[in-house]
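Undergrad: The sequence isn't on hand, but the structure is:
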């Protein structure tokens, strides 16, 4: 980990990763769009997912997979689902349908669930049953009728998590070909209205390219954490939390903002000690080596640096952290206090772990129940209030030179 002072930070620290339209991604999408199942099967074999005859898991296969998962893991899955469901339900209840009288007309909005969604669950470096929970549970709470779960090389634990979370269909496929299949539909996979969930740069590029054919949550990755720590923080905790992020993949990053080089060195030394026995050290050490600790003098500098970086995960490990939370405006999810480990949000606390990275938090929050609903408006213009409404609409239409618009307003006045 590089340790530096604020004055040594250059523009590259704040640079964003561009999710380019990778040419091979475009080729795969076009192929799947034209050749359906055959193309999905061909790319699954090419990229190491095996020769897959039937994409969708049968009820027997689901039951068999669940029977292979130990009770301790099932209990943890159920615990996580309960907490994620509770928070998503509370979020949904915070929204209200609206109907008001404005100028004599009735205006309102309805809260309507999206009809079908595809939840992408990565399965590359590790099986991620937690991603099944985080993407599927909010969808079912929102009232989505058809929730499709997809994951490459899907493991029994992921199947169990997807089923217990409420997935209506589970498929053993992944990669760019699966994003294309969900966006456009194939012989055996009906298209969905929206695709959510994390993925590697190829999956992310695919989501970018199919956006418009269907909706997506946001473009995200690689994973990142930023920790602000003072002398009251535990360097062992900080080191462990940084490595927890680094082990995702070699492009993941951890950032530490602290107030002394001594503290930063303690964290670095402890991380190096952990890496000696960490089974994921090959990936984690690569990411940690490219991570950064920045020494600042004031809390104001730390806050400004964090808001500009706009991290996916933000940990506040300093004295009286709760007094400062409203000064932070850009982050995917915030973890307040020394015992609020980011990994709790990854798995069981109840907030969602599918979060904006790459400074997306400057304009978007993380995945939630809100991503699975639509706010759709309606109006009722009454005959007894038509004069003012039509007269003013007609005046604006005339200014814009849209005379059929003006006509549609005027005839309602003359035709009363």
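TA: Ah, there it is. Everything numeric here is computed off the predicted structure, so don't read it as measured data. Numbering: from 1, shown residues only.
Undergrad: Buried residues in stretch 298-307, which are they?
TA: By 16 or more other C-beta atoms under 10 Å, the buried positions in stretch 298-307 come out as 299, 302-303, 305-307. C-beta here means a position set from N, CA and C on the backbone, and glycine is covered the same way.
Undergrad: what does it rub up against?
TA: Residues from elsewhere that reach stretch 298-307 (C-beta atoms under 8 Å, 6 or more residues apart in numbering): 6, 9, 226, 228, 257, 259, 294, 296, 314, 318, 324, 327-331.
Undergrad: Go again with 7 Å.
TA: Identification of contacts with stretch 298-307 by C-beta atoms under 7 Å, 6 or more residues apart in numbering yields 6, 226, 228, 257, 294, 296, 314, 327-330.
Undergrad: again, but for stretch 136-144
TA: 81, 84-85, 88-89, 92, 113-114, 116-117, 119, 147, 149, 162, 165-167, 352, 367-369, 372-373.
Undergrad: pLDDT (mean, whole number) over it?
TA: In this model, stretch 136-144 has a mean pLDDT of 98.
Undergrad: again with stretch 394-408
TA: Per-residue scores along stretch 394-408 average to 98.
Undergrad: Quick one: distance of that stretch to the chain centre.
TA: The chain centroid and the centroid of stretch 394-408 are separated by 43 Å under C-alpha atoms, centre = their mean, to the nearest Å.
Undergrad: low pLDDT regions in this structure?
TA: 19-21, 416 (pLDDT under 70).
Undergrad: burial of residue 412, as a residue count?
TA: Neighbour count of residue 412, defined by other C-beta atoms under 10 Å: 17.
Undergrad: any idea what sits nearest it, other than its immediate chain neighbours?
TA: Excluding the flanking residues, the one nearest residue 412 by C-beta to C-beta, 6 or more residues apart in numbering is residue 390, at 5.0 Å.
Undergrad: Residue 264 too?
TA: That would be residue 293: by C-beta to C-beta, 6+ apart, it lies 4.0 Å from residue 264.
Undergrad: Packing partners of whatever helix or strand the one you found lives in?
TA: Applying DSSP states H and E as the criterion places residue 293 in strand 292-295. Secondary-structure packing of strand 292-295 (3 or more C-beta pairs under 7 Å, 6 or more residues apart in numbering; DSSP states H and E): strand 2-5, strand 253-258, helix 261-275.
Undergrad: Deepest-packed of those, please.
TA: Among the helices and strands packed on strand 292-295, judged by mean count of other C-beta atoms under 10 Å, the one packed with the most neighbours on average is strand 253-258 (a mean of 26).
Undergrad: Quick check: can you name the pairing partners of that one and their directions?
TA: strand 224-229 (parallel), strand 292-295 (parallel) (DSSP bridges).
Undergrad: re earlier: mind checking which of the contacts of stretch 136-144 land in strands?
TA: Among the contacts of stretch 136-144, the residues falling in strands (DSSP state E) are 113, 116-117, 119, 147, 149, 373.
Undergrad: Closest to the centroid, which residue in the protein?
TA: Against the mean C-alpha coordinate of the chain, by C-alpha atoms, centre = their mean, the closest residue is residue 354 at 3.2 Å.
Undergrad: what's the helix or strand containing residue 395 in contact with?
TA: Using DSSP H and E, residue 395 maps to helix 386-400. Applying C-beta under 7 Å, 6+ apart, the contact partners of helix 386-400 are 103, 105, 381, 405-406, 409-410, 412-413, 416.
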